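Asker: Got a predicted structure here, sequence first:
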Amino acid sequence: MIYTVTLNPALDRAVNVERLMDDDTIRVISEKHYAAGKGIDVSRVIKELGGQSVALGMIGGYDGLYLEGLLINAGVMSQLIKISCETRTNIILKETATGKQYVISAKGPDVSPVEIGQFYNHMLSITDMEYLILSGSLPPGVSPNIYGQLILAGRNKGAFIFLDADNRALEESIGFLPTGIKPNIHELSRLVGRELKTEDEIIDACKSLHSKGLKYILASRGRKGLLFSGDGMIIKAVAPPVDAESTVGAGDSAVAGFILAHSLGKSLPECVRLACASGTATAMTPGTELCHREDVEKIDTEVELTIL
């Protein structure tokens, strides 16, 4: 079974207005709510693509229950630990007149050591973990080294572990050797301590990480597509041009496509192809809405793969 971990989930409110104006009443045109957080996004996309996973995380209060209910209604399995503080709410505000989008991201609830311990012990009790995806920011009270401990727990279960984090959470976790990571080009640059501009520079950075024991690297580069390095292969995947609405969740969708294909026994090029198609299809949807299966299937046939 695929398990995703979201330690700082969110209830996303995507609000459309015609235009923001100072000192005036602004009428909401439409509003939608989404269960969000990077790992939860991965679980939602896996479900949309016909797979199944279990979303792990910590939720609290009314908004936490709302988030859990959204997952249940969507058919996404979850095992969420209840905490005392309220789950955060993010606001994604879009002006229909200009196309501008504003993302207001809350920091998240304070999490106590007891609640962290409850979550950790629940994860230790899981017996059918084949894949473990660790994604996203950490709420206040949770140390960046928690991902390292979760990686060790997953490795003890023999799981394939994919990490999608940034800054200290990524830096402090690499030494625990997840199977793979999914940085964007900026995160990868920060990880290796230098700006990466060309494909050769990205490939060299991947090689330096492989030498430390990291097996797979799936680097996202926006419109330039994905660059994968692992098992002696360098694979570049570029999707056809699309009308992009929002890039929110595109990286999570790429992780979902890669992991789902891998769990089905697909080859690495096929995994990268589905990852690219899933991320691109999500960029076509507004706000924090994620990809639709029919779009992914169409784009998948048009992704250009190059083995470097």
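Answerer: Received the coordinates, thanks.

Asker: Setting aside sequence neighbours, what's the nearest residue to the residue most central in space within the chain?
Answerer: Central residue of the chain (CA atoms, centre = their mean): residue 252, 2.9 Å from the mean position. In space, and not counting its chain neighbours, residue 252 is closest to residue 41: 3.6 Å by CB to CB, 6 or more residues apart in numbering. To be clear about C-beta, it is placed using only N, CA and C from the backbone, and glycine gets the same treatment.

Asker: on that earlier part again, immediately after whatever helix or strand the residue nearest to the centre of the chain lives in, which helix or strand?
Answerer: Per DSSP states H and E: residue 252 is located in helix 250-263. Later in the chain than helix 250-263, the nearest helix or strand by DSSP H and E is helix 268-283.

Asker: so what pLDDT did residue 70 get?
Answerer: At residue 70, the predicted lDDT confidence score is 97.

Asker: Pretty sure it sits against residue 34.
Answerer: Yes. Residue 70 sits in contact with residue 34 when judged by CB atoms under 8 Å, with a separation of 7.0 Å.

Asker: Now do the shared contacts for the two.
Answerer: Shared contacts of residue 70 and residue 34 (CB atoms under 8 Å, 6 or more residues apart in numbering): residue 11.

Asker: Those two - which one has more neighbours?
Answerer: residue 34 (24 against 19; other CB atoms under 10 Å).

Asker: The residue nearest to residue 293 when sequence neighbours are not counted: neighbouring residues, count only.
Answerer: Leaving aside its sequence neighbours, residue 293 sits nearest to residue 48 (CB to CB, 6+ apart; 5.4 Å). By other CB under 10 Å, the residues close to residue 48 number 22.

Asker: what do you get for residue 298?
Answerer: 13.

Asker: Shouldn't it be within a strand?
Answerer: No. Read with DSSP: H, G, I helix; E, B strand; the rest coil, residue 298 is helix and lies in no strand.

Asker: okay, it: pLDDT?
Answerer: 96.

Asker: what about residue 34, which helix or strand?
Answerer: Residue 34 is part of strand 28-36 when elements are defined by DSSP H and E.

Asker: can you give me the strands for this protein?
Answerer: In the chain, the strands defined using DSSP state E lie at 2-6, 10-17, 28-36, 53-59, 77-82, 88-95, 101-104, 131-135, 160-164, 180-181, 216-220, 226-230, 233-238, 304-307.

Asker: now the third one, how far from the centre of its chain.
Answerer: If you compare the mean C-alpha spot of strand 28-36 with that of the full chain, they lie 20 Å apart, counting by CA atoms, centre = their mean, to the nearest Å.

Asker: All good on my end, thank you.
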